[in-house]
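*Asks:* Curious how this folds, go ahead:
(chains A, B, C and D)
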Protein chains: 2
Amino acid sequence: MNAATFPAPPRTSARTKLLDAALTAIRAKGYSATSVDELCVDAGVTKGAFFHHFATKETLGVAAADHWSGITGGLFAEADYHRHADPLDRVFGYVDFRADLIEGPVKGFTCLAGTMVQEVYDTSPAIRAACEASIWGHAATLEADIAEAIERYGVKRVSARSLALHTQAVLQGAFILAKASGGPDVAIETIEHLKRYLALLFLPSSNPKGNA
Amino acid sequence: MNAATFPAPPRTSARTKLLDAALTAIRAKGYSATSVDELCVDAGVTKGAFFHHFATKETLGVAAADHWSGITGGLFAEADYHRHADPLDRVFGYVDFRADLIEGPVKGFTCLAGTMVQEVYDTSPAIRAACEASIWGHAATLEADIAEAIERYGVKRVSARSLALHTQAVLQGAFILAKASGGPDVAIETIEHLKRYLALLFLPSSNPKGNA
DNA sequence: ACACATACCGACCGACCGGTATGTTGACGC
DNA sequence: GCGTCAACATACCGGTCGGTCGGTATGTGT
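*Replies:* From the prediction side, this is the model:
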């Protein structure tokens, strides 16, 4: 009764393979244009397997958003920028981390939730909610650092939640411009503006007009 | 041979009706999920008429982006904010104008180009280019005012083009968050951050930390 | 040994997809 | 009055869509 006698449970389950395939396909072509058949081929499973794990395509959409939250959650949780003692350094570290992720082809750095919610916000409440949860959940991981920084640096009239969501808006917008222009340059530039805004908010003595 | 004897040429042509229907449908459900049949029903024309005017669905997508540019171009060209003598007032006027447009249901204020390009940037170069032209063309109308303001207020190290594109990124991102949350509140909040950034850039004496 | 559950398989379904082929209509030049 | 052409309408095409269903392989509890 050693491990080898057990019929090896597949290294990655059909469910996970489908979810991974969905992430890639939906980020590249959107939710509607991604067909169930195509997902099955990409994942190397049959349609029967698909509908064994997901009742409908919409169910898969919800699961894909959750899967995305899990994967990105792990990526950001393990990133180095959390180590800084100063909360403001962690905030800048986060933004730099996002900027560093922007490399190579556009479909490699865009956000599944942002892409998917554009198509389905008015037709699929379940997917819309899952995307909202993904984005807001991610923003929440930033919010704590921002709140600390706001307190330590005595910034007023700006709420941590609102600023955390603003960073997400800038990033989502940067992705759209990157898709429209066909390259990451404009995304990186807009993140520079975000960094400048944060610097002006938290460190106003730092040479506001940039001159001298 | 007076005007009445002429069989009134349709007040709006089939082509225009299809384009208008496409704007509404694509903004609500995206490009892929919008079918040709549905567009024909909405516009009150037959499928034959559709393919008389557009060789393919993709051709319609390109035309819809151009149509969108024309409609929004007119809307912004006629807006009051251009009247301000101070270029910075025109820039703030623009941002306030955008904020004022955000009312009612989400599908009423979102951007066709931003929605469509997310789905097709990797599959339809023609539509991608049309969306890019729409967004960049709109940004260009802002760029002149920003350039003037940069000169008049002596702001350095920020290019007018880059800042104009950043405003578009923030707005596009605001739309995504609005779609995800189901309402406009978060979009308005993020535009407030954009205004604060502009104020800090151009008017640094204006109470940088917001305190007192 | 046998009932039962899980995890699939893949042929099949009707609806709908984008697109085409053919026909009709009315304005306009000549 | 006649030929031409744009502007449609209608019927229809092959293919693909999301989804179903009867069946099977394998392991499990008793």
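
*Asks:* Tell me how far the helix or strand containing A:E192 lies from the chain's centre.
*Replies:* Per DSSP states H and E, A:E192 falls inside helix A:185-202. Distance of helix A:185-202 from its chain centroid, counting by Cα atoms, centre = their mean, to the nearest Å, is 18 Å.

*Asks:* neighbouring contacts of that helix?
*Replies:* The list of residues contacting helix A:185-202 from outside it, by Cβ atoms under 8 Å, 6 or more residues apart in numbering or on different chains, reads A:88, A:91-92, A:95-96, A:98-99, A:102, A:109, A:149, A:153, A:155, A:158, A:163, A:167, A:170-171, A:173-175, A:177-178, A:206, A:208, B:158, B:162-163, B:165-166, B:169-170, B:193, B:196-197, B:200-201, B:204, B:208-209. Every C-beta, even on glycine, is put in place using the N, C-alpha and C of the backbone.

*Asks:* 6 Å instead, please
*Replies:* With Cβ atoms under 6 Å, 6 or more residues apart in numbering or on different chains as the contact definition, helix A:185-202 has outside contacts at A:88, A:95, A:99, A:102, A:153, A:155, A:170, A:174, A:177-178, A:206, B:162, B:165-166, B:169, B:197, B:200.

*Asks:* Then stretch A:110-120?
*Replies:* Residues from elsewhere that reach stretch A:110-120 (Cβ under 6 Å, 6+ apart): A:23, A:26-27, A:30-32, A:65, A:68, A:127-128, A:131, A:134-135, A:172, A:175, B:30, B:115, B:118, B:176, B:179-180.

*Asks:* State the distance from whichever residue of chain A sits closest to DNA strand C to A:D42.
*Replies:* The minimum distance from chain A to DNA strand C, using Cβ to the nearest atom of the strand, falls at A:G48 (2.0 Å). A:G48 sits 16 Å away from A:D42, going by Cβ to Cβ, to the nearest Å.

*Asks:* and these two? which has more neighbours close in?
*Replies:* Looking at A:G48 and A:D42 with other Cβ atoms under 10 Å in any protein chain shown, you find the greater number of neighbours at A:D42, namely 16 against 10.

*Asks:* Where does the prediction get shaky in chain A?
*Replies:* Chain A contains residues with pLDDT under 70 at A:1-11, A:206-212.

*Asks:* Work out which residue lies at the spatial centre of it.
*Replies:* Centroid-nearest residue in chain A: A:C111, 4.6 Å away (criterion: Cα atoms, centre = their mean).

*Asks:* Let me see the backbone angles for it.
*Replies:* Main-chain dihedrals, A:C111, degrees, to the nearest 10: phi -100, psi 120.

*Asks:* How much space separates A:A147 from chain B?
*Replies:* Between A:A147 and chain B the distance is 16 Å, computed by Cβ to the nearest Cβ, to the nearest Å.

*Asks:* That residue and DNA strand D: what is the separation?
*Replies:* Distance check for A:A147 against DNA strand D: by Cβ to the nearest atom of the strand, to the nearest Å, it reads 42 Å.

*Asks:* so what's that residue closest to, chain neighbours aside?
*Replies:* Counting by Cβ to Cβ, 6 or more residues apart in numbering or on different chains, A:A160 is the residue found nearest to A:A147 once chain neighbours are left out, at 3.7 Å.

*Asks:* which strands and helices sit next to the strand or helix carrying A:A25?
*Replies:* For A:A25, the host element (DSSP H and E) is helix A:14-29. Helices and strands touching helix A:14-29, as assessed by 3 or more Cβ pairs under 6 Å, 6 or more residues apart in numbering or on different chains; DSSP states H and E, comprise helix A:36-43, helix A:57-77, helix A:112-120.

*Asks:* what about the longest one, near DNA strand D?
*Replies:* Looking back up the chat, that one is helix A:57-77. Yes - Helix A:57-77 comes into contact with DNA strand D (Cβ under 7 Å from any atom of the strand), by way of A:K57, A:E58.

*Asks:* For that helix, C-alpha coordinates in PDB please.
*Replies:* What follows is helix A:57-77 as a C-alpha-only set of coordinates in PDB (Å, rounded to 0.1, in the frame of the first residue of the first chain):
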ATOM      1  CA  LYS A  57     -19.600  28.300 -19.200                       C
ATOM      2  CA  GLU A  58     -20.600  31.000 -16.800                       C
ATOM      3  CA  THR A  59     -19.700  28.800 -13.900                       C
ATOM      4  CA  LEU A  60     -16.200  28.500 -15.400                       C
ATOM      5  CA  GLY A  61     -16.000  32.200 -15.800                       C
ATOM      6  CA  VAL A  62     -16.700  32.700 -12.100                       C
ATOM      7  CA  ALA A  63     -14.200  29.900 -11.200                       C
ATOM      8  CA  ALA A  64     -11.600  31.500 -13.500                       C
ATOM      9  CA  ALA A  65     -11.900  34.800 -11.700                       C
ATOM     10  CA  ASP A  66     -11.500  33.100  -8.400                       C
ATOM     11  CA  HIS A  67      -8.500  31.100  -9.700                       C
ATOM     12  CA  TRP A  68      -7.000  34.400 -11.000                       C
ATOM     13  CA  SER A  69      -7.400  35.900  -7.500                       C
ATOM     14  CA  GLY A  70      -5.600  32.900  -6.000                       C
ATOM     15  CA  ILE A  71      -2.700  33.000  -8.400                       C
ATOM     16  CA  THR A  72      -2.100  36.700  -8.300                       C
ATOM     17  CA  GLY A  73      -2.700  36.700  -4.600                       C
ATOM     18  CA  GLY A  74       0.200  34.300  -4.200                       C
ATOM     19  CA  LEU A  75       2.400  36.200  -6.500                       C
ATOM     20  CA  PHE A  76       2.000  39.500  -4.600                       C
ATOM     21  CA  ALA A  77       2.100  37.900  -1.200                       C
END
